[in-house]
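> Okay, predicted coordinates and the sequence, questions at the end:
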Amino acid sequence: MMRRRDFLARSCAGLASLSPTLSHWRLRSGAPWMLVPMDDTQADHLKAYGLTFRLLEGGGRAEWLLNYRNGSFLLPADATISRDAALNGITTEALDDGRVVEIRGEVEGGNMDAVPLEKAPKVAVYAPPNAAPWDDAVTMALNYAGIRFEKVWDPEVLGAKLKTYDWLHLHHEDFTGQYSKFFLTYAGAPWLVDMVERNRAMARQLGYPSVPAEKRAVAVAISEYVRRGGFLFAMCTATETLDLALAANGVDLAAAYADGTPMDADASARMRWDEAFAFQGAQLELRPTVPVYSDIDGHQVNSPERRQPLGSFTLFNFSAKIDPVATMLVQSHRQVVPDFYGLTTSFSRRTLKPGVTVLADEPGAPWVKYVHGEHGQGTWTFFGGHDPEDPQHQIGDVPTDLSLHPHSPGYRLILNNVLFPAAKKKELKT
Amino acid sequence: MTRLAVLLLAIVALAPVALRAQDPGMSRAFEQERRGNYAGAADAYRGVLAKRPADAAALLGLERALLPMGLSAEILPQARAALAAPSASGAAFGVALRAYAAAEEPDSLRSVAERWAAAAPGDETPYREWGAAALSRRDRPGAATAYLRGRLQLQRPDAMAAELAQLAFADGDFEGALREWLPAVRRLPGYRVSAVSTISQAPDSARDALLAAVDREHDFTARRIGAELRARWGDPLGALERLRAALPETRPVAVEALRGLLDQLRTQPGREARVAQARALELIAERSPDAERARLRLDAARVYSAAGERESARRMLVGIAEDRSAPGTISSGASATLVQVLIGEGKLEEAARRLAERRGEMGGDEHAVLQRRLVVAYIESGDLRRADSTLGADSTVDGLALAGRLRLYHGDVRGALERLKAAGPFAGDRGEATDRTTLLALLQPIEADSLPALGDALLQLARADTAAAVTGLERVGGGLPPDKGGAGLRLLAGRLAVTSGQASDAERLLRAAAVPEAPGIAPAAELALAELLLDQRRPGEAVAQLEHLILTYPASALVPHARRRLDEARGAVPRT
């Protein structure tokens, strides 16, 4: 709560200082304001985030009008931004000063807020060098929206480079070092052979005795990155395995095929959950042949006897003025979103730590979909599932083409996370 | 047969008997089962069996009720009691077998099966049920033991052959499966479909050996299986040839075999499959009575024609035309198909003669359609005079559409426009209507009434001489102002140059078409130019072109298409 109050105070101060700056710029250039509406009038919700991001990247400033027309952006219009919007088919509305004043009045009077966006975060995506460009929802969203990012993998995370980024995304990496537990099910598949070889070579190169040991070191480095002020966003099985790897301090939770020794039979009891971000008290899946890690995932998509059907998840409403962070993360033009599978689809309520903020859940179900929390001076956000527009995602599926889903509410949630650090100006402590 | 299927058959067979009996215990049991109260149903069935241990309907009912609860083995006491009755039924033996399998008591299972076999000598059922019960527990060795025991006891080498074939296949012993299927099919020909369906799933690496093995057999059954396997494995002509060589003299058997292969060939794509279909139809026709023979020859001709085998198609059609016993409708259909074949072969004079000769036999519409096809063929041959005379004064919408094109090829722009407009949107199929609209859009800005050079250029295009058409269109377009048809003709020439691989000509023509003086044409020209640049791996120039299009013509209907291409060029979405 203390941190949110701090944030609110800083946001208000930032807004107060930003508005005159924007007005000054506007008056000097003689250009009107530009509203990027994010309700159903928007022709391309996803590219609207890219437009705002590029404005920040170019040194400009913007405001995120939380809950105003589903999270619209107020930009100072200029020729470059207008051209960018026209090229990308993004709906914008020209505003004069009088209309801006009216909007500020509406924002002040309702459950809304105006958050200044000051600096484009430097974005990193954790992915092995051979990762398919279309097999990661965040990479797809960033590419489609036109947001620049760099790829990092184990050498960068364990080296010094990670701390140069503001925002880190993890997708379906298995931080327990068990190759998504596909080792036995997909034995001989070329992509698996390649994955195993690449990871083993990397573990050897970095001086670790096994892939699980090396991946746990990566998980610890990521935890340290967040503790020092980094923003972490994880999806799919990276959420669950990251926490399992962190909590497995001194516990062997990898099957024999991964590290040469069987999993500790009492691993569940020996996990040190205080070292994890989000979860506690989970029961681990001991069978190496079942591509399931634990009972953290509510849907258990790869366990025929425990698999749960997909429903829809509902985004929570937060107070924009008191909880701006949570409000930013749930900005959407749809409150109810169809669910989608991933190796980890959802998070059992029973395994959530008490301080975790639930951003979206399936009402009545024993699982939640989207959670957020703080760790040291940084924050983390976990979003279950693989691809919001490919609910059943199978290995080998054709890539999702986001030009066919420009209004995807699931992808909007991902992009909320990318812009969120822009609102929360902070220097990483090194 | 699966265990569930056995139970369902038992319901069908025994439920009416039970209901007729009006037994209150059985009625209660059925009612509970219908409601899904399996525990209640089981109790009710047990009550009936306590009074009548050998009641087959109650025993099968109890088995059905226990199955969904995962308690199949709990039927053992009732099964033992039923077997202890003076005349144990087949149903009681079957239930007992399945119960011992569920209880994983293989010795008891074997003992019951042996007892059943002794009670029904010469019957395969006890061994089949024994094997099925073992398979339900995924015990393939146990099932094989049961089947082989049956073969030994029954003293017939083909006993249990189908069951052993399926086991062998599941174990990856494909040649073993074939060795078992052959005697099974010889004994019961109805097994052939299952045999072919199963063996055809053998992997590529096993197929040559399987075909060699089947070819070593000399009976018709084996040859037929070999032919059908060849058809499934992508050798339709080889399949037909093997079958033809083995066909018996007996007409019904031969026709039935040919029809079986024909059914299989019809599901397969490709020219060879079509040729094989046509030959099969021809072989059936040779073995059929007069009226049916003509119809089959007509079918064969159509399939030959579709496969591009015009000589064979014509041979069939001439045969029908000369066959005085062929029914009139078939003779007429043959004539129409023959005219089409002759047109396809470029024998236009012979086609015209046949069409004139058979005019009385054909329906008016059919004749008109063929006549227009002949007109198109004359156009494509460059003989506009014959095209004019053949079309005559056809005043149908299709005739007007064709007359419009003919006027255009003569250079009569105004006459062409009038006829194409008169034809309206309903002539021909959707593709023809779209082509006509495109042609109208091309011609409407042109102010000249007559442009023979344009007619020549478009005639070259109709005759598939794209290079000459590009040259001609560029020359005519260069003489017209951009907004008076010049840009449109250059765009068409540019697109044609793209399709014929003349990239540098295409780029020059498309740039010449993308001028602001022709705002209706420029967006399409810019998009075509950008796509050409993308194909030439010049993404930077393509992106600039697409951005120019979007920003200069924001209201153009092509902007969404341009944005899509822009996303692709930037790598924002996967390329389609």
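Ah, there it is.

> C-alpha only now, for contacts and for neighbours.
Will do.

> For chain B, what's the nearest residue on the stretch 301-430 of chain A?
Of all residues in the stretch 301-430 of chain A, A:Asp401 sits closest to chain B, at 5.7 Å by C-alpha to the nearest C-alpha.

> got a list of what that residue touches?
Counting by C-alpha atoms under 8 Å, 6 or more residues apart in numbering or on different chains, A:Asp401 touches B:Val573, B:Pro574.

> cool, and A:Asp297?
Contacts of A:Asp297 (C-alpha under 8 Å, 6+ apart): A:Glu240, A:Thr344, A:Thr345, A:Ser346, A:Phe347, A:Ser348, A:Trp367.

> what does B:Ile225 give?
Counted by C-alpha under 8 Å, 6+ apart, B:Ile225 has contacts B:Arg192, B:Val196, B:Val214.

> Most widely separated two among the contacts of A:Asp297?
Farthest-apart pair in these is A:Glu240 and A:Trp367; separation 13.5 Å (C-alpha to C-alpha).

> Compare neighbour counts for the two and give me the winner.
The residue with more neighbours, out of A:Glu240 and A:Trp367, is A:Glu240; 32 against 23, by other C-alpha atoms under 10 Å in any protein chain shown.

> And the strands in the stretch 1-150 of chain A?
For the stretch 1-150 of chain A, applying DSSP state E, counting those that start in this stretch gives strands covering A:33-36, A:62-66, A:72-76, A:93-95, A:113-117, A:123-126, A:150-152.

> cool, chain B as well?
Remark: no strands are assigned in chain B by DSSP state E.

> Relative to A:Glu102, how far out is whichever residue of it sits closest to chain A?
Nearest residue of chain B to chain A: B:Ala572, at 4.3 Å (C-alpha to the nearest C-alpha). Distance, B:Ala572 to A:Glu102, by C-alpha to C-alpha, to the nearest Å: 37 Å.

> Same check on B:Trp116?
B:Trp116 is 92 Å from A:Glu102, by C-alpha to C-alpha.

> If you count surrounding residues, which of these two has more?
A direct count of neighbours by other C-alpha under 10 Å for B:Trp116 and A:Glu102 places B:Trp116 higher, at 24 against 11.

> now that one, nearest residue through space, not along the chain?
B:Pro126 (6.0 Å; C-alpha to C-alpha, 6 or more residues apart in numbering or on different chains).

> That neighbour is in contact with B:Arg110, isn't it?
No - B:Pro126 is beyond contact range of B:Arg110, at 10.1 Å (criterion: C-alpha atoms under 8 Å).

> what sits against residue 43?
This is for chain A. Counting by C-alpha under 8 Å, 6+ apart, A:Ala43 touches A:Gly89, A:Ile90, A:Thr91, A:Pro406, A:His407.

> oops, chain B please
The neighbours of B:Asp43, taking C-alpha under 8 Å, 6+ apart as the test, are B:Ala29.

> got the residues of the stretch 201-350 of chain B near chain A?
Within the stretch 201-350 of chain B, no position is adjacent to chain A by C-alpha under 8 Å from any C-alpha of the partner chain.

> residue boundaries of the helices in the stretch 201-350 of chain B?
Secondary structure of the stretch 201-350 of chain B, counting by DSSP state H, counting those that start in this stretch: helices at B:204-215, B:220-232, B:236-246, B:251-266, B:271-286, B:290-306, B:310-321, B:328-344, B:348-357.

> would JSON lines of the contacts of A:Asp297 with pLDDT, secondary structure and distance to B:Phe426 be doable?
As requested, the contacts of A:Asp297 are arranged in JSON lines below (pLDDT from 0 to 100; DSSP: H, G, I helix; E, B strand; the rest coil; distance: C-alpha to C-alpha, whole Å):
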{"residue": "A:Glu240", "pLDDT": "97", "secondary structure": "helix", "distance to B:Phe426": "61"}
{"residue": "A:Thr344", "pLDDT": "95", "secondary structure": "coil", "distance to B:Phe426": "55"}
{"residue": "A:Thr345", "pLDDT": "96", "secondary structure": "coil", "distance to B:Phe426": "53"}
{"residue": "A:Ser346", "pLDDT": "97", "secondary structure": "coil", "distance to B:Phe426": "55"}
{"residue": "A:Phe347", "pLDDT": "97", "secondary structure": "strand", "distance to B:Phe426": "59"}
{"residue": "A:Ser348", "pLDDT": "95", "secondary structure": "strand", "distance to B:Phe426": "61"}
{"residue": "A:Trp367", "pLDDT": "96", "secondary structure": "strand", "distance to B:Phe426": "58"}
